[in-house]
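Asks: next input, structure requested:
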Amino acid sequence: MAKRALRVLAVAYIDFENLPNKINSATIEKNLTFVGLIGMIDPPREGVKEAVNTCKKAGIKTVMITGDHILTAKAIAKDLGILRKNDIAITGTQLDKISKEELEKNIMKYSVFARVSPEHKVRIVEAFKNTGAIVAMTGDGVNDAPALKNADIGISMGLNRYRCCKKCIRYDINR
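Replies: Just a heads-up that it's a prediction; the model follows:
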């Protein structure tokens, strides 16, 4: 399912005669009965594929930075035209093993960053900037704010207009 750009959720349950006094992963995430897997699509926003194509024609490298599983991210990135033949996809865990110097040296080879944290996003933005690139970053969540602030151009996207930091203006793209 992930290879078909679906986000995969596992569903399980546990029966309790009485709820435990303390509810946490140690008390409820054991002896579960597996029910199945659910695949759901979170389609790209309208116009994204066209925007990626426009950037490509203008000589702008577009990358995807996401919390999605790497297989899901790669499938979506291929469909959008972000991940091309010789481009590399990498996870946050793999990124942790790469030195700052190595990342900066090879940053232009990467087109997909999956399962990343807000700290990873900042590191990616800084690596691109340290090559001399002008970096524009879009994001739609509070987890994107540090990277948006560090980018040369931070574009916070969502349903309302507001500032997430001094450099970013959130704009209603549905207007």
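Asks: which residues touch residue 40?
Replies: 6-7, 9 (CB atoms under 8 Å, 6 or more residues apart in numbering). Bear in mind the C-beta positions are built from the backbone N, C-alpha and C, glycine included.
Asks: just among those residues, which is most surrounded?
Replies: residue 6 (19 neighbours; other CB atoms under 10 Å).
Asks: state the helix or strand in which the spatially closest residue to it that is not a sequence neighbour lies.
Replies: Take residue 6 and drop its neighbours on the chain: the residue closest to it by CB to CB, 6 or more residues apart in numbering is residue 39, 3.5 Å away. Residue 39 belongs to strand 33-40 when assigned by DSSP states H and E.
Asks: next structured bit after that strand?
Replies: Following strand 33-40 in sequence, per DSSP H and E, is helix 48-57.
Asks: now the element after that next one, going C-ward?
Replies: On the C-terminal side of helix 48-57, the closest following helix or strand by DSSP H and E is strand 64-65.
Asks: tell me how far the closest residue to residue 100 other than its chain neighbours lies from residue 25.
Replies: Spatial nearest neighbour of residue 100, chain neighbours left out: residue 127 (7.4 Å); criterion: CB to CB, 6+ apart. Residue 127 is 34 Å from residue 25, where distance means CB to CB, to the nearest Å.
Asks: if you rank every helix and strand of this structure by mean pLDDT, what lands last?
Replies: Here the helix or strand of the chain ranked lowest by mean pLDDT, DSSP states H and E is strand 168-172, holding a mean of 48.
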